[in-house]
Structure formats: C-alpha cells, structure tokens
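[1] Return a 3D structure for these sequence lines:
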Amino acid sequence: MTSTPPPNRPRAFRIPAAEPVGLGEGAVPPPGPPAQVRIVEEPFEIVEAADGTAVPVAPKSRAPWLSMLLVALGGLVSLGVGLSVERLIADLFGAAPWLGAVALVLLGIAGLGLLGLVARELSGIWRERQIERLRARAVEALAARDHSAAQAVVRDLSSLYAGRAALAAGRTRLDTLGDAILDVDDRLGIAEHELLAPLDRQARQAIATAAKQVSGVTALSPRAIVDVAFVIFAAVRLLRQIATIYGGRPGFLGFLRLARSALAHLTVTGGMAVGESMIQQALGLGLAAKVSAKLGEGVLNGLMTARFGLAALAVCRPLPFVREAAPRLSDVAGSLFRSAGAAEEDGVRGSS
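    Below you'll find the predicted structure:
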C-alpha cells in the first residue's frame, strides 16, 4: 500500500538584503530610507499682547502716497525757508556788514541745533528698531527651537541694559550661565526673569498711576474739554514713560511710530476688551452711577488709559512673555473697581 504525499502548504520566505558591491551601467540603486521632512513655521513680526494674544504690530505696507505728499511739501517748505533766510542775510550785509556776520553766526547755531535734533530722532528710531528686531528674533528662536539664536538674544538683551546699575546683578547671573545646556524656553525665561521682571513691575505701576490720575481728573473736572485734553496728555506721557522703562529713547518721530503701533495693537485686540461683568463691577449699574455720572466717566476713562498702557507695554517690551505672567487689565486697574465699589456702598448708606 503506497502512501500519498502530504499536500504542499504555503510558506513564507525572507529574502536577505544583498549588500551592494557596485553599480553597473544602467543599474538602479536600491531605495534608501525615506527622507524626514521637517516643517518649520515661518516666523513673522508679532508681539505678545498684554492679554496673552499674539497680534501683529507693524501695519501692512501700503502705497506711499501720503509719504510722497509729506516729503514733497516738506521739500517745498525747506526751499522757501532757505530762500527767505538767504535774502535776509544778503539784505543785512547790504545794510551793515556786522549785521550780516551776526546773522551768519545765528544761522550756524541754528544749523547745529537742527543737526542735534536730527541725530536724536535717528538715534531714537534706531533704538526702537533694535528692540523690535530683538523681540522678532526671540519669537523666531522660540518657534524654531534654535539654541544658538536664543543665546544671541540673551547676549543682546544684556547689552541693551548694560548701562543700568539696577540690573547689574541680573546681568552677572546671566553671564554665569554661559554655554550651559538649557532649553530655549528656559534660557529666555531666565533672561526675562532677571532683566525684564523688574521693568515689568515699573511699567505696571506707571500704568496704574496714570489710570488713577485720569479717573480722578475726569471725575472732578467741570468741562468735557478738560477731560479730553488730560486723557491725551496722560496717554502721551505714559507711552514715553513705558518706552523709557524698557530702554527706548523716542523722539518726536519715534513717538509717533510707537503711538501708531500701540493704536494698531488696540484695534487688533478689540479696543478696551473689557467684559460685561467688569463694566458692571466698575459702574455698579446701581445707585453710584445714578448719583454721580462723572464717577462712571472717570472709571471708563481710567480703564481706557490702562488698556492703552497695556498695549504700549506689549509694543515696547523687548521680549514676548515666556515665563512671566502677562499683566491684565485687572492687575493695573483693580483700584478703579474697588473705588467704584466703595462709592456705590457710600451711596447706598446715604440713601438709607
């Protein structure tokens, strides 16, 4: 009796990879491992808002029609003034030579003063752009996780405040880090804590003081034009003060540039950004608002000043908020809420 062989069953075989010895003509090289694709987000110029939202600061470029108009008008005015001065000096020389000499000396003094003003304006604009570039490089280093870029940002930040004796201890502690192995967030966070945290406290105190002053003047002033004038004056002074705290030295043109950026920041973040609950807490919507309408106006003007101050802080700060907590409206205008609440309690006691 013959036995039938078992049926063939499918089996799996592993083909060993042959090591390439050489590639002949027309041979196709074996495919290698797929290349890893690294996606890096392109950083753009942003600033960390005071309420924790990253928003653009610099407005988009537009057609320079206004700039062309201003430059042309400025050139015409300069030519007219120069021609008038030249005729004046010629007439003085014709009348008496010593009068022409005095006029030339005065013209030289005026030219020297003009050069000083131009140098100060250019220095202030250069300083502001240096701070903006430093902030943009910090944002880029955080996005790309670039340790070398973070070290360069820390070095430049320390150089920016090299002339401040109050920050000497912080700069010394940063120098001791050197080339220590640190994460990008940690390195920038340490620099932020050592150098910017004291400046943040000064800026918050300046904003709170300005908000109190605006609120008090608005509540006591008899005319609306006085309110408007003092609010504008306080905003201008506050912007200059915050820029000076963070190392800026804005002249007239630099101030206009900072004001435009701060107003653009307010536009993007939605103006005051005060919730309905905060408005109710400030005004009470009760007896205090009915008894004193000027009190409500003072609180609102103080809140607007504080919001503008937070926008100025976000624009003038050399680094985005990394480890430190970003100041909010309640941090700088909390006293306005407390004063409004006390006024409402006094009004309730008076009515009872």
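[2] ok, and the closest non-adjacent residue to residue 154?
    Spatial nearest neighbour of residue 154, chain neighbours left out: residue 191 (4.6 Å); criterion: C-beta to C-beta, 6 or more residues apart in numbering. (Each C-beta comes from the backbone N, C-alpha and C, glycine too.)
[3] what about the one you found, how many residues close to it?
    27 (other C-beta atoms under 10 Å).
[4] pLDDT averaged over the helix or strand containing it - what is it?
    According to DSSP states H and E, residue 191 maps onto helix 184-191. Averaging pLDDT along helix 184-191 gives 87.
[5] Show the contacting residues for the residue nearest to residue 154.
    153-154, 157-158, 174, 319 (C-beta atoms under 8 Å, 6 or more residues apart in numbering).
[6] Let's see that with 6 Å instead.
    154, 157, 174 (C-beta atoms under 6 Å, 6 or more residues apart in numbering).
[7] Repeat that for residue 127.
    Contacts of residue 127 by C-beta under 6 Å, 6+ apart are 248-249.
[8] quick one: the strand or helix carrying it to helix 184-191, angle?
    If you go by DSSP H and E, residue 127 is part of helix 97-144. With axes from the mean of the first three to the mean of the last three C-alpha atoms, to 10 degrees defining the directions, helix 97-144 sits at 140 degrees from helix 184-191.
[9] The following helix or strand past helix 97-144 vs helix 184-191, what angle?
    Next in sequence after helix 97-144, counting helices and strands by DSSP H and E, comes helix 147-160. Relative orientation of helix 147-160 and helix 184-191, computed by the same axes, to 10 degrees: 10 degrees.
[10] Buried ones in the helix holding residue 191, by neighbour count?
    184, 187-191 (16 or more other C-beta atoms under 10 Å).
[11] Just the buried residues of the helix or strand following that helix, please?
    From helix 184-191 onward toward the C-terminus, using DSSP H and E, the following helix or strand is helix 197-220. By neighbour count with 16+ other C-beta under 10 Å, helix 197-220 contains the buried residues 199-200, 203-204, 206-215, 217-219.
[12] show me where the stretch 251-352 of the chain has helices.
    252-269, 276-283, 287-291, 293-316, 329-351 (DSSP state H, counting those that start in this stretch).
[13] Mind giving me the packing neighbours of the helix or strand hosting residue 80?
    Assessed by DSSP H and E, residue 80 sits inside helix 65-95. Applying 3 or more C-beta pairs under 6 Å, 6 or more residues apart in numbering; DSSP states H and E, one finds that helix 65-95 contacts helix 97-144.
[14] tell me the angle of the helix it packs on relative to helix 252-269?
    30 degrees.
[15] Just the angle for helix 97-144 relative to helix 293-316, thanks.
    80 degrees.
[16] got the angle for helix 97-144 vs helix 65-95?
    Using the same axes, to 10 degrees: helix 97-144 against helix 65-95 is 160 degrees.
[17] which parts of the helix holding residue 80 are buried?
    89, 92.
[18] Equivalent analysis for stretch 316-326, please.
    316-322, 326.
[19] List just the nearest of those to residue 133.
    residue 318 (9.6 Å; C-beta to C-beta).
[20] Model confidence for residue 323, exactly?
    The model's pLDDT for residue 323 equals 85.
[21] going forward, begin numbering at 336 instead of 1
    New numbering, starting at 336: the last item is residue 658.
[22] For the nearest residue to it once chain neighbours are set aside, give its distance to residue 656.
    For residue 658, the nearest residue in space outside its immediate sequence neighbours is residue 524; the separation is 3.3 Å by C-beta to C-beta, 6+ apart. Distance of residue 524 to residue 656, computed by C-beta to C-beta, to the nearest Å: 10 Å.
[23] pLDDT weak spots in the stretch 486-635 of the chain?
    Along the stretch 486-635 of the chain, segments meeting pLDDT under 70 span 600-629.
[24] at 80 what do you get?
    Residues of the stretch 486-635 of the chain that meet the criterion pLDDT under 80 lie in 512-517, 554, 556-559, 584-590, 592-594, 596-634.
[25] hang on, the earlier thing: now the residue nearest to residue 489: how far from residue 488?
    8 Å.
[26] Common neighbours of these two, please.
    Counting by C-beta under 6 Å, 6+ apart, nothing touches both residue 526 and residue 488.
[27] What's the local residue count around residue 461?
    Residue 461 - counted by other C-beta under 10 Å - has 11 other residues nearby.
[28] now the one 3 residues further on
    Residue crowding around residue 464 was assessed by other C-beta under 10 Å; the count is 12.
[29] repeat for the one 3 residues further on
    Residues contacting residue 467 under the criterion other C-beta under 10 Å number 20.
[30] Repeat that for residue 457.
    With other C-beta under 10 Å as criterion, residue 457 counts 13.
[31] Can you check the pLDDT for residue 375?
    Checking the pLDDT column for residue 375, the value is 42.
[32] burial count for residue 447?
    10.
[33] er, residue 598 actually
    For residue 598, using other C-beta under 10 Å, the count is 16.
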